[in-house]
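Asker: Next one to model:
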Amino acid sequence: MGLFFLIVSLIFLTMHIIVGAWFYFIFPSIGWKISIVIFPLLCTALMCFAMTYTRTHWGTIDSLVYYITYIWSGLIFIFSFLVIILALMQALCALAHWHIFPLLKWGSLILFAAVTFLSIWGGFSQPKIKHINLSIPEAPHLTVAIISDTHLGIGVSQIRLQKALDRIQAVQPDLVLFLGDIFEYGPNREQYAQRIAQLSTPLGSYGVLGNHEYYVGLQNSIDFFKQAGIELLQNQFVTLPNGLQIIGINDIKTTALTAEQLNELLTKTDEHSPRILLSHQPLLTDIAAKHQIALMLSGHTHNGQIFPFNLLVKLVYPYVYGLYQIGPQSHLYVTSGMFYWGMPLRLFAPAEIPILHIN
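Answerer: Residues are numbered from 1 along each chain as shown. Below is the predicted model of the structure:
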């Protein structure tokens, strides 16, 4: 944990130095000591303290500190990326003897302001309802709501959650499926669970654990699912009255779930029944395709949440966001998630509530 904290601190420090150096370049009157030394060290120290502090302090002022800290953490990441692009542009133009410094000077400030507005606007906007039509052979007509990566707690208010739940209830889904990373940490855990439990559907709610359920305490997470009225599937499957089989697996990376273990589980299911596989992370898709799973549902990636982080996510996950065909009779849908993780920002990766209309 200490090593992880040190690495994160160094990353934040580096990003602040990059941004500070750019401001010293366009406004040299600031002085290099302030922009390249004092600003990076002070901001990094304050951020690391605030992130640690808000893990265990959840009052009104603490929540404000949380939002300011995590908003800035996301913005400094975006700014540092933009600065690298701007610096490359300046270097190339200088080689070509094009004098664009005045344009870059004020253009960069306008760009930072626009990105800040768009990121905060995207983060605090309600998740969009996304309707998806799917055909699954032998499956009954169904409307299925997908809830994933809500990361409830200090970063997402109960009011905001309730607004999203009301919009789901208005669709009148037959079934609600939860794909993990539902409750993060913070106050009022029971109240969040009670609000979710009030969702009324004919076929109930089923879900799986995400990686964050393990990070914040496995038993606490299991208790939360129970309080929320979600039937938790831990490497298990259930057959609904209409013949649909819902299969749920534990987080693949956190529990080191192997292809052999998933293969063994899927072998026990009825290959002649329509089957939906719930997996927090979009991995082991080849095994799902091999067993002709009609639909695999995943989250975790957040579609990168903020640009350009989605470019980095693609280096780790072949399937980042959207509907994919992973086999002749198998599809995968990866959702961008209902809210956000950590930083309450969204840039070119809006949050969503997928509504599946099957057959």
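Asker: Would you indicate which residues of the helix ranked longest in the chain are buried?
Answerer: Ranked by number of residues, the top helix in the chain under DSSP state H is helix 60-95. Going by neighbour count (16 or more other C-beta atoms under 10 Å), the buried part of helix 60-95 is 62-63, 65-67, 69-83, 86-87, 89-90. (Glycine included, C-beta is placed from N, CA and C.)
Asker: show me the contacts for Gly123.
Answerer: Ile71, Tyr340, Met343, Pro344, Leu345, Arg346 (C-beta atoms under 8 Å, 6 or more residues apart in numbering).
Asker: and those, which of them are in helices?
Answerer: Taking DSSP H as the definition of helices, those contribute Ile71.
Asker: which one is Trp58 nearest to, not counting chain neighbours?
Answerer: Pro187 (4.4 Å; C-beta to C-beta, 6 or more residues apart in numbering).
Asker: What are the buried residues along stretch 104-121?
Answerer: Neighbour-count burial for stretch 104-121 [16+ other C-beta under 10 Å]: Leu104, Ser108, Leu111, Phe112, Val115, Thr116, Leu118, Ser119, Ile120.
Asker: Report the distance from the strand or helix carrying the first one to the chain centre.
Answerer: Just to be clear, that refers to Leu104. Leu104 belongs to helix 101-124 when elements are defined using DSSP states H and E. For helix 101-124, the distance from its own C-alpha centre to the chain's C-alpha centre is 23 Å (C-alpha atoms, centre = their mean, to the nearest Å).
Asker: And for the residue nearest the centre of the chain, nearest residue in space, chain neighbours not counted?
Answerer: The centroid of the chain falls nearest to His302 when counting by C-alpha atoms, centre = their mean (3.3 Å). Nearest non-adjacent residue to His302, counting by C-beta to C-beta, 6+ apart: Gly337, 4.9 Å away.
Asker: separation between that neighbour and Gln245?
Answerer: Note on Gly337: its distance to Gln245, by C-beta to C-beta, to the nearest Å, is 25 Å.
Asker: Worst mean pLDDT across the helices and strands of the chain, which element?
Answerer: Within the chain, confidence by mean pLDDT, DSSP states H and E is lowest for helix 309-316 among all helices and strands, at a mean of 90.
Asker: so where's the chain uncertain?
Answerer: 1 (pLDDT under 70).
Asker: mind listing the strands for it?
Answerer: Counting by DSSP state E, the segments of the chain that form strands are 128-134, 142-147, 152-153, 175-178, 183-185, 205-207, 231-232, 236-239, 245-248, 275-278, 295-298, 322-327, 330-334, 352-358.
Asker: could these be laid out in TSV, adding mean neighbour count and distance to Asn310?
Answerer: Below are these laid out as TSV (neighbours: other C-beta atoms under 10 Å; distance: least, C-beta to C-beta, whole Å):
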stretch	mean neighbour count	distance to Asn310
strand 128-134	14	17
strand 142-147	23	20
strand 152-153	23	23
strand 175-178	24	23
strand 183-185	21	21
strand 205-207	23	25
strand 231-232	18	30
strand 236-239	16	32
strand 245-248	24	27
strand 275-278	26	23
strand 295-298	25	15
strand 322-327	15	12
strand 330-334	22	12
strand 352-358	20	14
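Asker: Thr54: which of these is closest?
Answerer: Taking C-beta to C-beta, strand 183-185 is the member of the strands of the chain nearest to Thr54, at 9.4 Å.
Asker: Sheet partners, orientation included, of that closest one?
Answerer: Applying DSSP bridges, strand 183-185 is found paired with strand 152-153 (parallel).
Asker: one step back: looking at the strands of the chain, which is nearest to Val313?
Answerer: Among the strands of the chain, strand 330-334 comes nearest to Val313, with 10.5 Å by C-beta to C-beta.
Asker: what does that closest one contact?
Answerer: Contacts with strand 330-334, where a contact means C-beta under 8 Å, 6+ apart, come from 132, 134, 146, 282, 285, 288-289, 292-301, 303, 319-326, 354, 356.
Asker: tilt between that strand and strand 322-327?
Answerer: Following axes from the mean of the first three to the mean of the last three C-alpha atoms, to 10 degrees, one obtains 150 degrees for the angle between strand 330-334 and strand 322-327.
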